[in-house]
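> Quick one: sequence and predicted model below, then my questions.
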Amino acid sequence: MGTVWGMAVYMIQAGIDGPVKIGKSTDVKSRHSMLQAAHPFELILIREIEGYGKVERWLHERFATCRLRGEWFSFHPDMLTVEPDIDEPAPPPRRSQKSDESLTPLARWLRDNGKTQAMFAGSVGTSQSYIAGLCAGDRLPSLRLAQKIAVVTAGQVMPEDFFQVEPQTPEQAA
């Protein structure tokens with residue numbers, strides 16, 4: 001489903017008669033996969049609605065009596081048909097794309113290879129938020145993680161890409 005602004009509100013149900021998560025995402029398919037990886041029951045996308053934060057809040061308020069915890073609700077048949085009665089203003093402007101030179105090697109590799117941070121995080125055994133910090137240059141990986149990244153990227157992102165080590169003169173090394 002194409003969405004205006006690339007944002008959609010989704011309803012994902014745990015099993016056939018389980019609770020429903022009402023959330024928003026720019027990539028519902030990836031979000032569904034991420035949730036499924038952490039959930040013991042099959043998750044089923046039962047509804048996708050074009051919208052942004054106001055649509056999500058409206059749905060949370062509409063089904064407030066069904067709320068179990070956070071964004072999880074008991075299923076209500078109206079979830080399949082209700083149409084939010086609000087006008088959604090344009091979302092906040094997106095952050096501008098970083099120039100290629102300002103991307104970290106890992107962020108550039110992810111972009112060039114069409115990988116999400118979440119997908120990559122799973123392949124190296126860490127969290128998406130940790131990979132986001134590495135991509136932003138705000139975090140440094142352990143040597144072990146840097147080595148895993150080198151293996152997964154087939155040597156295109158190496159440990160030295162994270163650790164800016166100034167070359168030493170022979171006197172400094174002694």
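Looks like it came in fine.

> Report the central residue of the protein.
The centre of the chain sits closest to residue 118, judged by CA atoms, centre = their mean, with a distance of 5.7 Å.

> you'd agree it is in a helix?
Yes - assessed with DSSP: H, G, I helix; E, B strand; the rest coil, residue 118 lies in a helix.

> Next one: the closest residue to it other than its chain neighbours relative to residue 51, how far apart?
Excluding the flanking residues, the one nearest residue 118 by CB to CB, 6 or more residues apart in numbering is residue 128, at 4.3 Å. All C-beta atoms are positioned from the backbone trio N, CA, C, and that covers glycine. Note on residue 128: its distance to residue 51, by CB to CB, to the nearest Å, is 23 Å.

> Among these two, which residue is more densely surrounded?
residue 51 (22 against 15; other CB atoms under 10 Å).

> How about the contacts made by residue 83?
residue 49 (CB atoms under 8 Å, 6 or more residues apart in numbering).

> switch the cut-off to 10 Å
Neighbouring residues of residue 83 by CB atoms under 10 Å, 6 or more residues apart in numbering: 49, 55.

> Likewise for residue 131?
Neighbouring residues of residue 131 by CB under 10 Å, 6+ apart: 106-107, 110, 115-124, 139, 141, 145, 149.

> which element is it on?
Per DSSP states H and E: residue 131 is located in helix 128-136.

> What mean pLDDT does that helix get?
Averaging pLDDT along helix 128-136 yields 86.

> how far is it from where the chain is centred?
11 Å (CA atoms, centre = their mean, to the nearest Å).

> show me what contacts the closest residue in space to residue 124 that isn't next to it in sequence?
Nearest-residue entry for residue 124: residue 148, 4.6 Å, with adjacent residues in sequence omitted and distances by CB to CB, 6+ apart. Contacts for residue 148 (CB under 10 Å, 6+ apart) come out as 123-126, 141-142, 159.

> any idea which element residue 148 lies in?
Element membership for residue 148 (DSSP H and E) is helix 143-152.

> Okay, buried residues for that helix please.
Across helix 143-152, burial judged by 16 or more other CB atoms under 10 Å covers 145-146, 148-150, 152.
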